[in-house]
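Colleague: Pasting the sequence and the predicted model now:
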Amino acid sequence: ILQDKTGGRIIYRSINILILYRGRNYDPKQRPVIPLMLWKPLAPIYPKVVQNVAEGLTFEETKEMRNKGLHSPPLMKLTRNGVYVNVVDKVREAFKTLEVVRLDCSHCGTSDCKKIGVKLRVCCNFLMLSMN
């Protein structure tokens, strides 16, 4: 890569020493030009995991459901670097008897919590993820 980007030749390489030879007839005008990337691409915009108002409910009903979820005991605690293979099955089983399910994500990273929320969104109608 260095040979291609600089136009030189590697004449010596050791553990942490690298010597490039540019050549006796070096012409800087003939050197390959690699354009610098002076801008960063925009980050993708993802839809919100938790909507302000759940589908089919009014704002007041959604607020009541959230309060119910905040005061209910957590179904399970999610930790950093944990295995979440059985989370979907446990949530499905809990929804057979409970109206609102709470998962404790306080010891889990925010990005992990969002990923789990997106996966659970497919199988569940309402989900309360607590990150306190």
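Modeller: Perfect, thanks for sending it. Residues are numbered from 1 along each chain as shown.
Colleague: other SSEs contacting the host helix or strand of residue 116?
Modeller: Using DSSP states H and E, residue 116 falls within helix 110-123. Secondary-structure packing of helix 110-123 (3 or more CB pairs under 8 Å, 6 or more residues apart in numbering; DSSP states H and E): strand 76-79, helix 87-97, strand 102-107, strand 128-130. The C-beta positions use only the backbone N, C-alpha and C, and glycine is treated the same way.
Colleague: Distance from the chain centre to the third one, please.
Modeller: Right, the one you point to is strand 102-107. A distance of 17 Å separates the centroid of the chain from that of strand 102-107, by CA atoms, centre = their mean, to the nearest Å.
Colleague: and that strand, which residues are buried?
Modeller: 102, 103, 104, 105 (16 or more other CB atoms under 10 Å).
Colleague: neighbours of the nearest residue to the last one once chain neighbours are set aside, just the number please.
Modeller: Closest residue in space to residue 105, ignoring its immediate chain neighbours: residue 113 at 4.2 Å, by CB to CB, 6 or more residues apart in numbering. With neighbours defined by other CB atoms under 10 Å, the count for residue 113 comes to 18.
Colleague: Residue 113 and residue 82, how far apart?
Modeller: Going from residue 113 to residue 82 by CB to CB, to the nearest Å gives 12 Å.
Colleague: wait, residue 69 sits on residue 100?
Modeller: Yes: in terms of CB atoms under 8 Å, residue 69 counts as a neighbour of residue 100; the distance is 4.2 Å.
Colleague: pretty sure the residue nearest to residue 105 contacts residue 106?
Modeller: No: here residue 113 lies out of contact with residue 106, judged by CB under 8 Å, at a distance of 9.3 Å.
Colleague: Reduced to three states, what does residue 57 come out as?
Modeller: Classification of residue 57 by DSSP: H, G, I helix; E, B strand; the rest coil places it in coil.
Colleague: picking up where we left off before, mind saving the C-alpha coords of the helix holding residue 116 as PDB?
Modeller: Written as PDB, here are the backbone C-alpha positions of helix 110-123 (Å, rounded to 0.1, in the frame of the first residue of the first chain):
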ATOM      1  CA  THR A 110     -27.600   2.000  25.300                       C
ATOM      2  CA  SER A 111     -26.900   0.600  21.800                       C
ATOM      3  CA  ASP A 112     -27.500  -2.900  23.000                       C
ATOM      4  CA  CYS A 113     -30.800  -1.900  24.600                       C
ATOM      5  CA  LYS A 114     -31.900  -0.300  21.400                       C
ATOM      6  CA  LYS A 115     -31.000  -3.400  19.300                       C
ATOM      7  CA  ILE A 116     -32.900  -5.600  21.700                       C
ATOM      8  CA  GLY A 117     -35.900  -3.200  21.600                       C
ATOM      9  CA  VAL A 118     -36.000  -3.300  17.800                       C
ATOM     10  CA  LYS A 119     -35.900  -7.100  17.800                       C
ATOM     11  CA  LEU A 120     -38.700  -7.300  20.400                       C
ATOM     12  CA  ARG A 121     -40.800  -4.700  18.600                       C
ATOM     13  CA  VAL A 122     -41.500  -7.300  15.900                       C
ATOM     14  CA  CYS A 123     -43.100  -9.800  18.300                       C
END
